[in-house]
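[1] Need the 3D shape of this:
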Amino acid sequence: MLVTSKFRTKVAGPVVIIVMIIALVALISYIWSENPEAPWLPMVAFYVPMAVLGLMMIFGELRRRTIKVTIDSETITVRRYLGWGREELHFLNAFEGYHTTQLQSRYGSYEYLYLMQQGKKVIKLSEFYHKNYNELKEAIATKVKFAGNVQYSWSREMKEFFQ
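    Numbering: from 1, shown residues only. Next up, the predicted model:
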């Protein structure tokens with residue numbers, strides 16, 4: 001059994017947003033450096049939130065959710081940042097279990113799967129980002145114990161983002 005994740009086209013949304021944010025931050029930096037008389041307050045008021053949003057998108061969405069995984073009979077291999085990050089190898093029998101949660105959006109409901117190790121979410125799989133989410137979930141369910149459904153909490157997600 002070898003299952004490799006496949007991304008949905010929806011992955012392009014966060015990537016486009018990140019590219020736009022980086023372009024805006026670069027443009028503001030350029031304007032700021034070329035025009036010393038430019039009003040600094042509006043630029044700072046726009047620049048800081050954009051930079052923070054860009055970092056949140058990069059380190060939140062790309063690092064934690066848009067991951068490429070390969071599952072074989074004993075291991076799960078993870079590459080973060082759309083598969084461009086370094087490879088991480090985990091043994092399936094090392095996980096305590098997995099939780100699922102439902103995330104509501106205006107376009108529907110998406111299930112997330114969290115592989116748990118020492119009480120922490122180590123790997124997050126998303127029905128929103130992974131085209132073959134159910135196949136990935138089935139491969140995990142054969143080797144890892146289901147630990148139940150968990151109520152989605154935005155505050156808990158934000159707390160984990162900074163860990």
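[2] Next, please give the residue ranges for the helices of this structure.
    Here the chain has its helices, by DSSP state H, at 12-34, 40-56, 63-64, 133-141, 154-161.
[3] what's the closest of the ones you listed to Lys124?
    When the helices of the chain are compared by CB to CB, helix 63-64 sits nearest Lys124, at 5.6 Å. Every residue, glycine included, has its C-beta placed from N, CA and C.
[4] Please tell me the pLDDT value assigned to the residue lying closest to Ser73 once chain neighbours are set aside.
    With sequence-adjacent residues excluded and distances taken as CB to CB, 6 or more residues apart in numbering, Ser73 is closest to Met1, at 5.5 Å. With respect to pLDDT, Met1 scores 75.
[5] Identify the residues contacting stretch 144-153?
    When contacts are defined by CB atoms under 8 Å, 6 or more residues apart in numbering, stretch 144-153 is touched by residues 92, 95-104, 112, 114-116.
[6] Can you give me the separation between Glu88 and Gly148?
    Glu88 sits 25 Å away from Gly148, going by CB to CB, to the nearest Å.
[7] what's the closest non-adjacent residue to Arg8?
    Distance criterion CB to CB, 6+ apart; nearest residue to Arg8, sequence neighbours excluded, is Lys131 at 4.8 Å.
[8] thinking again about what came up before, need the helices of the chain in a markdown table with mean pLDDT and distance to Ile76, can you?
    Shown next, in a markdown table, are those (pLDDT from 0 to 100; distance: least, CB to CB, whole Å):
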| stretch | mean pLDDT | distance to Ile76 |
| --- | --- | --- |
| helix 12-34 | 80 | 23 |
| helix 40-56 | 78 | 26 |
| helix 63-64 | 74 | 15 |
| helix 133-141 | 96 | 7 |
| helix 154-161 | 65 | 19 |
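[9] Would you mind finding the most buried of the ones you listed?
    Among the helices of the chain, the stretch with the highest mean neighbour count (mean count of other CB atoms under 10 Å) is helix 133-141, at a mean of 17.
[10] which residues sit in contact with the residue nearest the centre of the chain?
    Central residue of the chain (CA atoms, centre = their mean): Arg65, 2.1 Å from the mean position. Counting by CB under 8 Å, 6+ apart, Arg65 touches 124, 126, 128-129.
[11] Please point out which parts of stretch 104-119 sit buried.
    By neighbour count on 16 or more other CB atoms under 10 Å, the buried set for stretch 104-119 is 110-116.
[12] who's in contact with that stretch?
    Here stretch 104-119 has contacts from 76, 90, 94-103, 121-128, 133, 136-137, 140, 144, 147, 150, 152, using CB under 8 Å, 6+ apart.
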